[in-house]
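> Whatever this is, show me its structure:
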Amino acid sequence: MKLFLKLFNKTITIMAVIGSIMLASMAVTIGFQVIMRYFFNQTFVWIQDINEYILLWSVYLGAAYVLRNEDHIEMGLFLTKMNNKTRNLAQMINSMIGTVICFLLSWFGFIAVWTNYTRNTTVIKGLVMPKYLVILPIFIGSVLLTVQFLIRAYNFYIGYKNNGSTINTNKDEEVII
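The predicted structure is shown next:
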C-alpha cells in the first residue's frame, strides 16, 4: 500500500508540474499572439484553441495536487467553530461526497472519451483535434481526485477515531495509510 501511495503522490506531483508548464506556455503563446498582432498585423487562429485546451488540461491535472495539499477553498467559518473531532467527521463526510461525485465524473468521463475515440469524433475550430483528447483530462483528473478524496476521507476518519487529533495530509511522506 505504501508503494502505491508513493507512486500515486509522485503521479499527482508530475501532473501538477505538467499543468504548471502548460499554464506557463499559455502565457508565452498569448504574449506571442499579442506581439504578432500589434507589431506585424499577423494572427494565428490555432493559438486560442490551444490555450482553451491548455486551460482545461491544467485545471484537471492540478486539482488532485491542490486537494492533497489542502490548498483549496473551504468554508472556514463553520470549520473553525467545531472541535477537532467534529471537524474531522465533517471533513470525512465532505471527502466521501467528493469521492462519489468524482467517481461519477470519472465514469461518465471514461464513457465520453471512449465513445468519442471509437467514433473518431473531431472538434473543428481553427485547429482540428480529436475530441477524445479534448475531454481526456476530465477523466484523468477525476480519477486522481477520486483516489485523493478517498485518501483524505480515510485520514480524517483516523483523526476522528483518535478523538480529534489533527492529521497533516500535506506531505507525501505523512500519508497515514
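
> Please tell me how far the residue most central in space within the chain sits from N69.
The residue lying closest to the centre of the chain (CA atoms, centre = their mean) is A63, at 2.3 Å. Between A63 and N69 the computed distance is 11 Å (CB to CB, to the nearest Å). Glycine gets a C-beta too; all of them are placed from N, C-alpha and C.

> joint contacts of those two?
Common contacts of A63 and N69 (CB atoms under 8 Å, 6 or more residues apart in numbering): none found.

> so what's the residue nearest to the centre of the chain up against?
Residues counted as contacts of A63 (CB under 8 Å, 6+ apart) are 141, 144-145.

> Check the secondary structure at it for me.
A63 carries the three-state label helix when classified by DSSP: H, G, I helix; E, B strand; the rest coil.

> Give me the contacts around the lowest-mean-pLDDT helix or strand in the chain.
Taking mean pLDDT, DSSP states H and E as the measure, helix 76-80 is the helix or strand of the chain with the lowest mean score, a mean of 75. When contacts are taken as CB under 8 Å, 6+ apart, the neighbours of helix 76-80 outside the stretch itself are 87, 90-91.

> redo that, cut-off 10 Å
74, 86-87, 90-91, 94 (CB atoms under 10 Å, 6 or more residues apart in numbering).

> Regarding this structure, what is its longest helix?
The helix of greatest length in the chain, counted in residues with DSSP state H as the criterion, is given as helix 2-40.

> Just the buried positions in that one, please.
By neighbour count on 16 or more other CB atoms under 10 Å, the buried set for helix 2-40 is 5, 8-9, 12, 15-16, 19, 22-23, 26, 29, 33.

> for the protein, what spans make up the strands?
Ranges of strands within the chain are 122-124, 128-130, based on DSSP state E.
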